[in-house]
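J.: Sequence and computational prediction follow.
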Amino acid sequence: MPCINICYKVPEERVHDVEETLMDHATFMKSTYADGTKVVKPCHTYFTKAAELSNPMHPEEGTTGNIIFTINEIWNKPEDIQAHIERASKAPHFERFLAANLEFATMSIMGEKMFELN
């Protein structure tokens, strides 16, 4: 199944702006893909937020001062992703969303799900 996975590495002083933009995208997704709408919705979507650890093997060493956000979406077909991107590009928050991607995204993959533990 095709996926969208975007990871953002954001310095603490910019977290509020990026988080607000990502939550605007979440609101867009909720309203666009609400039950009863005719558009094809993603199979699964979730966003995450966590402090970046200085050393993931030793969390007691503290954090870097960055926050890591992720957007993770699983779709039925590549065409559904293209339709989603087209809809999102017309949303009021899209310019801020694109700017956050260009400035902070460390990974943007539109690939296939490799593994799922059920």
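T.: Structure received.
J.: quick one: the strands in the protein?
T.: Using DSSP state E, the strands found in the chain span residues 3-11, 44-53, 63-74, 105-109.
J.: Among those strands, which comes closest to Asp35?
T.: Asp35 lies closest to strand 44-53 among the strands of the chain, at 14.0 Å (Cβ to Cβ). (Each C-beta comes from the backbone N, C-alpha and C, glycine too.)
J.: elements contacting the closest one?
T.: helix 15-32, strand 63-74 (3 or more Cβ pairs under 8 Å, 6 or more residues apart in numbering; DSSP states H and E).
J.: Deepest-packed of the ones you listed, please.
T.: The highest mean neighbour count among the helices and strands packed on strand 44-53, using mean count of other Cβ atoms under 10 Å, belongs to strand 63-74: a mean of 17.
J.: So what's the gap between it and the chain middle?
T.: Between the centre of strand 63-74 and the centre of its chain there are 8 Å (Cα atoms, centre = their mean, to the nearest Å).
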